[in-house]
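> Quick one, fold the following:
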Amino acid sequence: MESEWSGSWSFITPPKQVLESPALVFPAIDSNNVGVNGYLQWNLVEGADVYNVELATSPDFKSLILKRNDITSPTLNYNNLEFNTKYYWHVKASNDIASSLWSEIWNFTTEPLTSVLDKKENTNVFISQDNNNNIIIYPAINKSSWLYIEIYNIIGIPL
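Predicted structure coming up:
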């Protein structure tokens, strides 16, 4: 036994939301001498609530240094990166409905290590220069302790 057809119903689905990929701002692509403590910055994306950020030492992001999925502003601070190292970063915008594609991949190289004073654990080492332009290193260690010193040139290559 067949019944009568019901009345017709209709509904409208919202349009699919598409988020633009964030445009990266700072540090600029291929930058050199970027501080080991600093920030990453990108442009706001209309409709985005949060941003996902990845920072790595390889362009395929298999060697992640930093991964954050909850950034609500277009800036992320980083600390204690390695000296004289190339880093790669990109950003993705998201909201409850959609996510953008990853942004372009940008890279930067951190500043070279220029003195032992750049290394926080070496605060007990003092450097001075005498009248003959000799560099004198004064380690504040016990006489029975060992001291290991590496000397680097201006671009961070060990001598």
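
> where do the strands sit along this structure?
24-26, 31-34, 38-42, 50-56, 64-71, 75-78, 86-94, 106-110, 125-129, 135-139 (DSSP state E).

> can you tell me which residues contact the residue minimising distance to the centre of the chain?
What sits nearest the mean C-alpha location of the chain, by CA atoms, centre = their mean, is residue 55, with 4.3 Å. By CB atoms under 8 Å, 6 or more residues apart in numbering, the contact list for residue 55 reads 40, 64, 65, 66, 67, 78, 87, 88, 89. In this view, the C-beta of every residue, glycine as well, is placed from N, C-alpha and C.

> Likewise for residue 155?
By CB under 8 Å, 6+ apart, residue 155 lies in contact with 84, 112.

> Output the below-cut-off pLDDT ranges for this structure.
Within the chain, the ranges that satisfy pLDDT under 70 run 1, 13-17, 114-129, 138-148.

> Swap in 50 and give it another go.
Per-residue confidence for the chain (pLDDT under 50) gives these ranges: 117-118, 120, 122-123.

> Out of the strands of the chain, which is the most enclosed?
strand 86-94 (a mean of 22; mean count of other CB atoms under 10 Å).

> And it, what does it pack against?
strand 24-26, strand 38-42, strand 50-56, strand 106-110 (3 or more CB pairs under 8 Å, 6 or more residues apart in numbering; DSSP states H and E).

> could you dump it to CSV, C-alpha only?
Provided in CSV are the C-alpha atoms of strand 86-94 (Å, rounded to 0.1, in the frame of the first residue of the first chain):
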residue,chain,number,x,y,z
LYS,A,86,68.9,28.5,8.6
TYR,A,87,65.2,28.2,9.6
TYR,A,88,62.0,27.8,7.6
TRP,A,89,58.5,28.9,8.6
HIS,A,90,55.0,29.0,7.3
VAL,A,91,51.5,29.8,8.7
LYS,A,92,47.9,28.5,8.2
ALA,A,93,44.7,30.4,9.1
SER,A,94,41.7,28.6,10.6
